[in-house]
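Participant: Task: produce atomic coordinates for the following.
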Amino acid sequence: MRRLLCTTLLFSAGLAHAEVPRVATDIAPVHSLVSMVMQGAGSPDLIIPPGASPHSYAMRPSEARAVAKADLVVWVGPSLAPWLEEPMSSLAQGAERLTLQDVEGIRLLTNRSGVAFEAHDHGDHEGHDDHDGHDDHAEHDDHEGHDHSAHEGHGDHEDHKDHEGHDHGAHEDHEDHGDHEGHDHAEHDDHGDHEVHDDHKGHDDHADHDDHDHDAHEEADAHEGHNHAPGALDPHIWLDPQNAMVWLDAIAASLSAQDPENAALYADNAAQAQAQLVDLQADIQAELTPLRGQKFVVFHDAYHYFEARFDVEASAAISLSDGAAPSAARLAEVRDVVKDTQAACVFTEPQFNAGLVEALQDGTALKSASLDPIGAALEPGVDMYPALLRDLAAAFSSCLAE
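Facilitator: A predicted model of the protein is given here:
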């Protein structure tokens, strides 16, 4: 009997050692990438459901429990979900964090300046290495050379009204937020081409200063505590598939460190997922290459990584963020851009005010299509991330094709 008991205890200990890590992820695209790597071993938990804002979200009890039980939390970083730092520190003190914005080898872009993205240049921010083995699919001469340590310590995120003094384990789900841009990183002084432009310099007697004051309030009100200033990190990093390929290796490495017995599985899954994304990137490139040079505007500047990767770049953004209505002055500037560039398409988002398209027409025929950077309508899981990229490419093709 004693021998049987000892055998049972040893067997149980072996099972515990072989347990797959509990993984919590922030947004559905990251959840999809982690799901790819974990196939055959387990499934990650999703903290922020599709359709909810990653920049300002109050977790439900089940999501708080997922964070509390996690051995590993994989998230884009504080540039996207600054509020998540507090619950991770309080609920998941023993969990490892994989902060994807800090992974070496990715391409980082900064916020573009002005309505029409004045003076933007992809070539001024070198410093990140290419992903080994994928050199033929990306030219990374324009990798932004950020010091990742500059993105730590986000004390000014404490003014989120919907999170002050709350128990993160007891919130109801707040859906219907869309993809609000939420940056509060310090401005990168070394990015000379992203300096804040004073579009009205020397025009102190300009009659419509009220409209421009409204623009400033629009920025402040859309996301309190977030920094939309030129030079701040653009957090929509997942929309460049080349970045996702780099992340797959980092995810596999983090999982393997906690679960060595499945290390070969994680590495093989990551390699297969990378091969899938290489093919997908090539397909999208072939689809979008004929559209280079076509002019279009976006609802808000959330697609820079996708645009830059496939060389189809927007001429302007209607709104500073998807949570703020554009001022009359900003709308007038966008209308001028549409007229001057002869833009043929405006990309909307699910929460977009359809009347804004009419306001931009001004006698021109504008086509429109809907984009969604977070994939709110897609089912979370292994297939979600490739589907997100395909949907973006299809929207570009349908709206920009002559």
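
Participant: So Ser368: helix, strand or coil?
Facilitator: With DSSP: H, G, I helix; E, B strand; the rest coil as the basis, Ser368 sits in strand.

Participant: Please identify the nearest residue in space to it, excluding sequence neighbours.
Facilitator: Spatial nearest neighbour of Ser368, excluding adjacent residues (Cβ to Cβ, 6 or more residues apart in numbering): Val346 at 5.1 Å. Backbone N, C-alpha and C define where each C-beta goes, glycine included.

Participant: Give the partner strands of the helix or strand hosting that neighbour in its sheet and their orientations.
Facilitator: Counting by DSSP states H and E, the element that carries Val346 is strand 345-348. Applying DSSP bridges to the sheet, strand 345-348 is found paired with strand 296-300 (parallel), strand 367-370 (parallel).

Participant: Tell me the helices and strands packed up against the helix or strand hosting Ile284.
Facilitator: In this assignment (DSSP H and E), Ile284 forms part of helix 263-288. In terms of contacts (3 or more Cβ pairs under 8 Å, 6 or more residues apart in numbering; DSSP states H and E), helix 263-288 is packed against helix 28-38, helix 241-258, helix 304-310, helix 384-400.

Participant: Format those as TSV; extra columns: mean neighbour count, mean pLDDT and distance to Leu288.
Facilitator: Output for these, formatted as TSV (neighbours: other Cβ atoms under 10 Å; pLDDT from 0 to 100; distance: least, Cβ to Cβ, whole Å):
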stretch	mean neighbour count	mean pLDDT	distance to Leu288
helix 28-38	27	98	19
helix 241-258	23	98	12
helix 304-310	22	97	5
helix 384-400	20	97	6
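
Participant: Dump those helices to CSV, plus distance to Lys295.
Facilitator: Listed next are the helices and strands packed on helix 263-288 as CSV, based on distance: least, Cβ to Cβ, whole Å:
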stretch, distance to Lys295
helix 28-38, 28
helix 241-258, 24
helix 304-310, 12
helix 384-400, 9
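
Participant: among those, which is nearest Val338?
Facilitator: helix 384-400 (13.7 Å; Cβ to Cβ).

Participant: what's the closest one packed up against?
Facilitator: helix 28-38, helix 263-288, helix 304-310, strand 345-348, strand 367-370.

Participant: Distance to Phe396 for those - can I get that in a markdown table?
Facilitator: Shown next, in a markdown table, are the helices and strands packed on helix 384-400 (distance: least, Cβ to Cβ, whole Å):
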| stretch | distance to Phe396 |
| --- | --- |
| helix 28-38 | 18 |
| helix 263-288 | 6 |
| helix 304-310 | 8 |
| strand 345-348 | 8 |
| strand 367-370 | 8 |
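
Participant: Of all these, which one is nearest Trp247?
Facilitator: helix 28-38 (5.9 Å).

Participant: ok so, going back, most packed of the strands paired with strand 345-348?
Facilitator: For the strands paired with strand 345-348, the largest average neighbour count (mean count of other Cβ atoms under 10 Å) is found in strand 296-300, namely a mean of 25.

Participant: nearest residue to Ala369 other than its sequence neighbours?
Facilitator: Leaving aside its sequence neighbours, Ala369 sits nearest to Cys399 (Cβ to Cβ, 6+ apart; 3.8 Å).

Participant: ok, that neighbour to Phe296 distance?
Facilitator: Using Cβ to Cβ, to the nearest Å, Cys399 is found at 7 Å from Phe296.

Participant: what do you get for Glu333?
Facilitator: Taking Cβ to Cβ as the measure, Glu333 falls 16 Å from Phe296.

Participant: what about Gly381, distance to Ala395?
Facilitator: 21 Å.

Participant: Same check on Phe299?
Facilitator: 12 Å.

Participant: Please identify every residue contacting each of these two.
Facilitator: Residues within reach of Phe299 and of Ala395 at once, by Cβ atoms under 8 Å, 6 or more residues apart in numbering, are 347, 371.

Participant: Hmm, the residue nearest to Ala369 is touching Val357, no?
Facilitator: No. With contact defined as Cβ atoms under 8 Å, Cys399 does not count as touching Val357 (11.8 Å).

Participant: Now do the shared contacts for these two.
Facilitator: Contact with both Cys399 and Val357 is made by residues Ser368, according to Cβ under 8 Å, 6+ apart.

Participant: on that earlier part again, want to throw the strands paired with strand 345-348 into TSV with distance to Gly77 and mean pLDDT?
Facilitator: Compiled in TSV, the strands paired with strand 345-348 are given as follows (distance: least, Cβ to Cβ, whole Å; pLDDT from 0 to 100):
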stretch	distance to Gly77	mean pLDDT
strand 296-300	20	91
strand 367-370	27	92
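
Participant: Could you point out which of the ones you listed sits nearest Leu100?
Facilitator: Here strand 296-300 is closest among these (Cβ to Cβ), at 21.6 Å.

Participant: contact partners of that closest one?
Facilitator: With Cβ under 8 Å, 6+ apart as the test, strand 296-300 has contacts from 181, 314-322, 334, 337-338, 343-349, 352, 360, 371, 399-400.

Participant: same question, stretch 372-381
Facilitator: Contacts of stretch 372-381 (Cβ under 8 Å, 6+ apart): 27-29, 31-32, 35, 46, 50-51, 54, 178-179, 236, 239, 302-303, 349-350, 384-385, 387-388, 391.

Participant: quick one: buried residues of that stretch?
Facilitator: The neighbour-count check on stretch 372-381 (16 or more other Cβ atoms under 10 Å) flags 372-376, 378, 380 as buried.

Participant: Can you say which helix or strand has Ala317 in it?
Facilitator: Assessed by DSSP H and E, Ala317 sits inside strand 316-319.

Participant: Buried residues in the next helix or strand after that strand, which are they?
Facilitator: Downstream of strand 316-319, the next assigned helix or strand under DSSP H and E is helix 328-341. Neighbour counts over helix 328-341 (16+ other Cβ under 10 Å) mark 329-335, 337-338 as buried.

Participant: could you check the angle strand 296-300 makes with helix 328-341?
Facilitator: 160 degrees (axes from the mean of the first three to the mean of the last three Cα atoms, to 10 degrees).
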